[in-house]
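Asker: quick one, what's the 3D model for this:
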Amino acid sequence: MKSFINKYLPYIFSFTMLSACSVAKNVAVPTADLPQSYRNGISSTGDTNTIADIPWNTFFSDTSLQMLIDSAIRKNFDLQIALKNMEASSLLYRQVKWNYVPDLRLQLGAGSNRPSDNSLNGISATQFLNTTHIEDFTAAVGLSWEADIWGKIHQQKKSALAAYLQTAEARKAIQTNIVSSVARGFYNLIMVETQLAVAKRNLALNDSTYRMINFQFEAGQVTSLAVEQAQAQKLVAAQLIPQLEQNLALQENALSLLAGSLPEHIITNTKLETIIVSDQLSTGVPSAMLSRRPDVKISELALTMANSKVGITKANMYPALSITASGGINSFKSTNWFNIPASLFGQVAGNLLQPLLNKKQLRTQYEVAKVEREKTVLQFRQTVLFAVGEVSDALVKLEKLSAQHEIAACRTNILKQATANAGLLFESGMATYLEVITAQSNVLQSELDIAAIRRDQLIATVDLYRSLGGGWK
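Answerer: This is a model prediction of the structure:
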């Protein structure tokens, strides 16, 4: 065995030195065709600062919202599953590192064979061993190792690492969506609370108008039609209250489940009109977004895995060098089993296997892997395109909703004044009951609309924060 090793060691060493070689050329991450600045955003000055760098518990300053987000991150089942995926992927990555190590096995065996008396083995056993049974006792250590000539194991390691990093980015993506979903639900909740307060306030106003018109009816100043229309307008505001209370309860249930709790009442200490929507939301440059968005990083890592698969499938078409060795003690008598050194044995062998004809399966696998890699490049470009689009959408929403809110606020103030004036004019007989009812109906709808616009502004801010890659820190 020693002479065998001395004879073939130079060849083994040469093949081993080739282990750093790779038969496949990796495709670099494609350069995304990105603009200098986002549409509807401030022209780029090279400043990479962005709100995405702000931790979520700083970006959202409301304590009630912070508590809900914190509970969701700790208790959300999707996030817990993502953590388990990370744990499993980490174990697989650590296991791949052992592919460089030879496979070592311990074998203990004992057997008895009773050959035919008319067989060659039977005759030999009877004549030379004076027995009809042939026994065999072995204790050996076996070793097998495949040289990573073409970098196949190296590519497997790269793929396993990329898979692990993908699970880490997936966890970030889930947390980002959780933070965004909780914030959106919270802002929708306080909008419904605001609209409910508006409905109750308008119900009280309509009730006052109904009583006043009813007094005038009893005095013979108006007809019963005026009373009926005032009562109908009062019922419009009254019907809105249970509808909003239903929406409020459903939103509380949704937020509770998202936060990992049973459905319950959620206490909010914030009024919709007191939340300030900043007009100085830094977006940075589009190229900097690529390093922050988890979905973009997942697509980038998918390309790494596709590259590795191409390398592995091509390496499968090249010669594979494997070395096997075994040694131990062997005897056909149990009494001589541990008679050392007489019972010692050893063997070593080297194999070079070159696939020749395999129904073209290896070539097909290689070509399919290259197609899959090209598809991954396209998916990466698509992900980047969608990411830029999401940021641009959020920016245009913020810009146009700000203008809508300004107009709606002005309209609401005018309608409130018109409602007050209509009441005074009606009491002095200078306005009809229809003008009063119309003014009250308009101010109700206007206040409901401005609450919805304010909610949409806040949600657009959340969408911008998420689309820039914020929420996972």
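
Asker: do I have it right that residue 454 meets residue 191?
Answerer: Yes: with contact defined as Cβ atoms under 8 Å, residue 454 counts as touching residue 191 (6.9 Å). Backbone N, C-alpha and C define where each C-beta goes, glycine included.

Asker: find residues that contact each of the two.
Answerer: residue 272 (Cβ atoms under 8 Å, 6 or more residues apart in numbering).

Asker: residue 372 versus residue 305, what's the distance?
Answerer: 10 Å (Cβ to Cβ, to the nearest Å).

Asker: just want to know which of those two has more residues nearby.
Answerer: Applying other Cβ atoms under 10 Å to residue 305 and residue 372 shows that residue 305 carries more neighbours, namely 21 against 15.

Asker: could you find the closest non-adjacent residue to residue 63?
Answerer: Among residues not flanking residue 63 along the chain, residue 269 sits closest, at 7.0 Å (Cβ to Cβ, 6 or more residues apart in numbering).

Asker: residues contacting that neighbour?
Answerer: 62, 63, 64.

Asker: check which residues of the helix or strand where the last one lies are buried.
Answerer: To tie it back to what came earlier, the one meant is residue 64. Using DSSP states H and E, residue 64 maps to helix 63-75. Going by neighbour count (16 or more other Cβ atoms under 10 Å), the buried part of helix 63-75 is 64, 65, 66, 68, 69, 71, 72, 73.

Asker: now render those residues as TSV, adding distance to residue 133 and pLDDT.
Answerer: TSV is the format used below for these (distance: Cβ to Cβ, whole Å; pLDDT from 0 to 100):
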residue	distance to residue 133	pLDDT
64	85	87
65	83	88
66	81	88
68	79	88
69	77	89
71	74	87
72	73	88
73	70	88
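
Asker: looking at those, which is nearest residue 284?
Answerer: residue 69 (23.1 Å; Cβ to Cβ).

Asker: measure the residue located most distally from the centre of the chain to residue 373 for me?
Answerer: Relative to the C-alpha centroid of the chain, counting by Cα atoms, centre = their mean, residue 127 is the outermost residue, at 75.2 Å. Residue 127 sits 67 Å away from residue 373, taking Cβ to Cβ as the criterion.

Asker: same question, residue 294
Answerer: Counting by Cβ to Cβ - residue 294 and residue 373 are separated by 22 Å.

Asker: now residue 130
Answerer: 69 Å.

Asker: of those two, give the one with the bigger neighbour count.
Answerer: Set side by side, residue 130 and residue 373 show more neighbours around residue 373, with 20 against 7, by other Cβ under 10 Å.

Asker: name the SS class of that one, please.
Answerer: Classification of residue 373 using DSSP: H, G, I helix; E, B strand; the rest coil returns helix.

Asker: look up the closest residue to it, ignoring the ones flanking it.
Answerer: Nearest residue to residue 373 in three dimensions, chain neighbours excluded: residue 306, at 3.9 Å (Cβ to Cβ, 6+ apart).

Asker: surely residue 357 forms part of a helix?
Answerer: No: secondary structure of residue 357 (three-state DSSP): coil, not part of a helix.

Asker: number of residues surrounding residue 375?
Answerer: 12.

Asker: what helices or strands is whichever strand or helix holds residue 246 leaning on?
Answerer: For residue 246, the enclosing helix or strand under DSSP H and E is helix 224-258. Helices and strands touching helix 224-258, by 3 or more Cβ pairs under 8 Å, 6 or more residues apart in numbering; DSSP states H and E, are helix 152-218, helix 433-467.

Asker: by how many degrees do that helix and helix 152-218 diverge?
Answerer: 160 degrees (axes from the mean of the first three to the mean of the last three Cα atoms, to 10 degrees).

Asker: after helix 224-258, next one along is what?
Answerer: In N-to-C order, the element after helix 224-258 by DSSP H and E is helix 286-289.
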